[in-house]
Structure formats: C-alpha cells, structure tokens
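Engineer: Could you look at this predicted model? Sequence included:
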Amino acid sequence: MQNPEAIASTEIMRVEHVRRGFNKSQGELLVLDDANLVLKEGEIVGLLGRSGSGKSTLLRIIAGLIQPTGGSVTYKGEPLDGPAEGVAMVFQTFALFPWLTVLQNVEAGLEALGVNPRERRERSLAAIDLIGLDGFENAYPRELSGGMRQRVGFARALVVDPTLLLMDEPFSALDVLTAETLRTDLLDLWNERRLKIKSVLIVTHNIEEAVFMCDRILVLSSNPGRVIAEIQVPFAHPRNRLDPAFRRLVDDIYARMTARATTGGVRKELELGTWLPAVSTNLMAGLIETLAMAPYNGKADLPEIARTLHLEVDDLFPVAEMLQHLGFADVQEGDILLTQPGKVFAEYGTQERKLMFAEHLVRSVPLAARIRRVLNERPGHRAPRVRFEQELEDFLSDNAAEETLDAVINWGRYAEIFSYNDQAETFSLEDVES
C-alpha cells in the first residue's frame, strides 16, 4: 500500500504559465490561460473541471500531441517538443484497431518503437496477463465488451513501460459496475507496485472517482481554463466511499466547482458571446420537479442528488447552472435551491410553463433576446442562421458557436419565441404569437 506521506519528490513533468488560444476578430480566444502544474514520482493526480475548462486540451499538451501558444512544458527537466518517450496515453473511446487481434493491438506501440518481434510478443503477453485478459490474445475488438476493450487500451499503454501514464476520462464510456471493477483493478496494480509507471495523470469529470483514486486533485476553472485549486487527498487505499471524511471532501469539491464567478462581488451574467451548453428543457423541468418534491422540498445537496439521479458532473452542472442563469434555482456551497419562480414553475401546467420560460429566457440569455429582436425589426420577420453564427464566431470557436446557437434554438422553440426551419436554416416568427 502506498502511503501519501511517503510520495517521492522526484519531478517528472512541469507545466508553467501555459496558454492555448485561437485568434478571433475580437482578439485571442483562450482555452487555457496561465495553467501551472507539477507531476511528481509516486502519485496519481486528478485533473477535474467542468465543460470548457480545457482539461483535455491540457492533457494533450502534456502528451506532446498539440503545442501551447504560450508558456513551457518540461519532461524530466527537458523542454517537451512533441510526443516523448516514456509518456503513454489511455483514451476514452478505446481507440483500438478493429482489424487487429488483442495481441496485435497491444504489440502495435512496441512495433512502432522498433522492438524486435520476440521481445514484442513476450512483453505484450505479459501486459495482457497483467491487465486480466489472458486467454483473449486472439480475440478481435468486436468480440469484447466495453470493459475488456478498455483493458486492451490499458495493456497497450502499459506495455511500453511508461514513466508517465495519461488517462483521458478512461472509465466514462463504461457502465457503472464495469468502470468500478476496472478502476479498482488498476488501483490494486498501482498500490501493489506491479506497474513500472512512476506517475499517473487522469482527466475526469467524476468527483467521486477523483477522490477515490487520486493523491492530489487539481481543479480547473472554465473559459479559460487554469488551475484554481490543489486539493490533497489524505486517505490511504483502499478507500471507503461511505466514510464521512470521504463524503465531506466530495462535498467540498462540489462547492468549489459550483461557486459562481463574480466580479467585484457582483455575479457575472451571460453575455452574447458566452458559450452555452446543450441542456434540454426536459432536463431542466425534470430537475425543478425533483427538487420541488419530497424529500428535497426545494433544496438538495448536489452530490446526493447526483447519486440519486445517476448524473455526473458534466451532466448535472450544466443543468444546475442554466437554471441559475434563468433564475429558477440558485447554487450555493454545493447545494441547489429552487427560487420562488422555480417553485411556481414546478406547480404550473405545460402552457403556463412555456410562457414563464419564455419570459426568463429573453431576460436572461442575450442571444435569445437578440434573435427575437432582429426578427421583430425585419419587415419579413425572417433571418438566416448564418447571421447569428457569424456574430458568435467573433467570440467563440466555430464548434462552440454552433453548439451555443443550437442550444438557444431548442430553448426558443420550447418557449415559442421564434420558429426555426432546419432545412432552410432560417429563423422566423411564423406560427409564433408576437
């Protein structure tokens, strides 16, 4: 068993003042800004952040897959310039070659390194055995379950004997039970010192997973991403999720991650160029209804309601945040509370909800108000999608602009503040009451 207090201090990776941005007409759009972290030997570090925090971008910079636009990354004291020997990565989507067997998939990395066939086979068979896939060497990915395919991904990363293992949400594509089994098996190998890896960095959106696995957790802010908190996890392995101290730490991280940004003590409101998540109105209404009912009666602990509804950070936070922006709920210190309008919404029927949602949408979401105003001002009450998309692209990446506009289209349709023809890619006021 590893003792957190006995972690060696040998530095493996250092990230200093890293920035990653894209040039837009309104200036540089920053995904990461002044990101700093140090990875040391003998520890598992979690990178935790909401959507838009740039955690996967930072991981790819550390892997040498993309270059930062500012700052520096050093690996074992040397500047990192592209993929480095001794750094391996496990992806969320398995990324296996479907035409190769398990053994051939695991061998692929060694083959690329020029390892001779005999050694390649011996090391690959040992990695397959280590990760619990002995007997499946000649199976193809299509014959394996999701959990087994991810084990192949782990074996492929481990076979090159990396110093640093990077993991990009490696359990998120798996069902709950499979993810838990693989997570525990990996921790057992790490704690029994059966892996040659010196350090692990895992990107996750699952707070409990981070507390369960990691020695340190780095919390990233969003838009742009930077490390805003470093949390030491003091518990020895194996860890008990039901331990009150474990639960308190989970609650504390929820509170940190749901703290709403302020400027001069005033909460920041949405702006025209703010990225918006694709949260369905059904999810928003469902969460309002759940909060309004017993046992919550208008107030719930976010970790508790996440467990009850089987939602993770990237699922729950956007819904809670949009309800907060729309004035139907408030998030405080890891709790979500219905406001008075939220309580009224829960009691309303379908048409009354639509009218109330429309009022809050136009008041709280500048893009929705802009679309409605433009349509009202135009003689034909019509406008092309590209007119608003181009406006958003001054502030957001092309993908983010598209996602934001699609989100507002769905909300606007529900609220009946405008119509949208997807084939013609045109907004209008047809069949909408003025």
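Structural biologist: Looks like it arrived, so ask away.
Engineer: Report the residue spans of this structure with pLDDT below the cut-off.
Structural biologist: Low-confidence segments of the chain (pLDDT under 70): 1-9, 23-28, 259-268, 431-434.
Engineer: Longest helix of it, counting residues only.
Structural biologist: In the chain, with assignment by DSSP state H, the single longest helix is helix 398-415.
Engineer: Dump that helix to CSV, restricted to CA.
Structural biologist: Output of helix 398-415 as CSV, limited to C-alpha atoms (Å, rounded to 0.1, in the frame of the first residue of the first chain):
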residue,chain,number,x,y,z
ASP,A,398,-16.7,27.5,-34.7
ASN,A,399,-17.8,24.4,-32.8
ALA,A,400,-18.7,26.3,-29.7
ALA,A,401,-20.7,28.9,-31.7
GLU,A,402,-22.6,26.1,-33.4
GLU,A,403,-23.3,24.4,-30.0
THR,A,404,-24.5,27.6,-28.4
LEU,A,405,-26.8,28.5,-31.3
ASP,A,406,-28.3,25.0,-31.3
ALA,A,407,-28.9,25.2,-27.6
VAL,A,408,-30.8,28.6,-27.9
ILE,A,409,-32.8,27.3,-30.9
ASN,A,410,-34.1,24.4,-28.8
TRP,A,411,-34.9,26.7,-25.9
GLY,A,412,-36.6,29.2,-28.2
ARG,A,413,-38.7,26.6,-29.8
TYR,A,414,-39.9,25.3,-26.5
ALA,A,415,-40.7,28.9,-25.4
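Engineer: quick one: contacts for Asp34?
Structural biologist: The contact partners of Asp34, taken as Cβ atoms under 8 Å, 6 or more residues apart in numbering, are His17, Val18, Arg19, Gly71, Arg226. Where C-beta positions appear, they are placed from N, C-alpha and C, glycine not excepted.
Engineer: Can you tell me the SS state at the closest residue to the first one other than its chain neighbours?
Structural biologist: It refers to His17. Nearest non-adjacent residue to His17, counting by Cβ to Cβ, 6 or more residues apart in numbering: Gly71, 4.0 Å away. What DSSP: H, G, I helix; E, B strand; the rest coil gives for Gly71 is strand.
Engineer: Could you do Ala236 as well?
Structural biologist: Put simply, Ala236 is coil when judged by three-state DSSP.
Engineer: What is the neighbour count of it?
Structural biologist: When neighbours are defined as other Cβ atoms under 10 Å, Ala236 has 12 of them.
Engineer: got it, and the one 5 residues further on?
Structural biologist: Close neighbours of Arg241, defined as other Cβ under 10 Å, add up to 12.
Engineer: I'd like to know which elements the longest helix of the chain is packed against.
Structural biologist: For helix 398-415, the elements it packs on are helix 281-292, helix 350-364, helix 366-377, helix 385-392, strand 419-421, judged by 3 or more Cβ pairs under 8 Å, 6 or more residues apart in numbering; DSSP states H and E.
Engineer: From the contact counts, what lies against the following helix or strand past the shortest one?
Structural biologist: Going back to what we said before, that points to strand 419-421. Next helix or strand after strand 419-421 toward the C-terminus (DSSP states H and E): strand 426-428. Under the contact criterion of 3+ Cβ pairs under 8 Å, 6+ apart, strand 426-428 touches helix 366-377, strand 382-384, helix 385-392, strand 419-421.
Engineer: In TSV: those, plus distance to His325 and mean neighbour count.
Structural biologist: Formatted as TSV, these follow (distance: least, Cβ to Cβ, whole Å; neighbours: other Cβ atoms under 10 Å):
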stretch	distance to His325	mean neighbour count
helix 366-377	11	18
strand 382-384	24	16
helix 385-392	17	17
strand 419-421	21	16
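Engineer: Redo these as a markdown table? Include distance to Arg239.
Structural biologist: Below are the helices and strands packed on strand 426-428 laid out as a markdown table (distance: least, Cβ to Cβ, whole Å):
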| stretch | distance to Arg239 |
| --- | --- |
| helix 366-377 | 43 |
| strand 382-384 | 54 |
| helix 385-392 | 43 |
| strand 419-421 | 49 |
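Engineer: buried ones in stretch 56-67?
Structural biologist: Residues of stretch 56-67 classed as buried by neighbour count (16 or more other Cβ atoms under 10 Å): Ser56, Thr57, Leu58, Leu59, Arg60, Ile61, Ile62, Ala63, Gly64.
Engineer: Would you work out how far apart the start and end of it are?
Structural biologist: Using Cα to Cα, to the nearest Å, the end-to-end distance of stretch 56-67 comes to 13 Å.
Engineer: measure the residue nearest to His17 to Arg19 for me?
Structural biologist: From Gly71 across to Arg19, the span is 5 Å (Cβ to Cβ, to the nearest Å).
Engineer: list residues touching both of the two?
Structural biologist: Asp34, Ala35.
Engineer: Glu289: how many residues sit nearby?
Structural biologist: If you count neighbours by other Cβ under 10 Å, Glu289 ends up with 12.
Engineer: no no, Glu321
Structural biologist: Close neighbours of Glu321, defined as other Cβ under 10 Å, add up to 21.
Engineer: For it, grab phi and psi.
Structural biologist: Main-chain torsions, Glu321, degrees, to the nearest 10: phi -70, psi -40.
Engineer: and the gap between it and Ala400?
Structural biologist: Per Cβ to Cβ, Glu321 is found 16 Å from Ala400.
Engineer: can you check Pro379 too?
Structural biologist: For Pro379, the distance to Ala400 - Cβ to Cβ - is 32 Å.
Engineer: Between the two, point out the one with more neighbours.
Structural biologist: Comparing Pro379 with Ala400 by neighbour count (other Cβ under 10 Å), the higher total belongs to Ala400, at 20 against 5.
Engineer: Quick check: closest non-adjacent residue to that one.
Structural biologist: Ala400 sits nearest to Trp275 (Cβ to Cβ, 6+ apart), 4.8 Å away.
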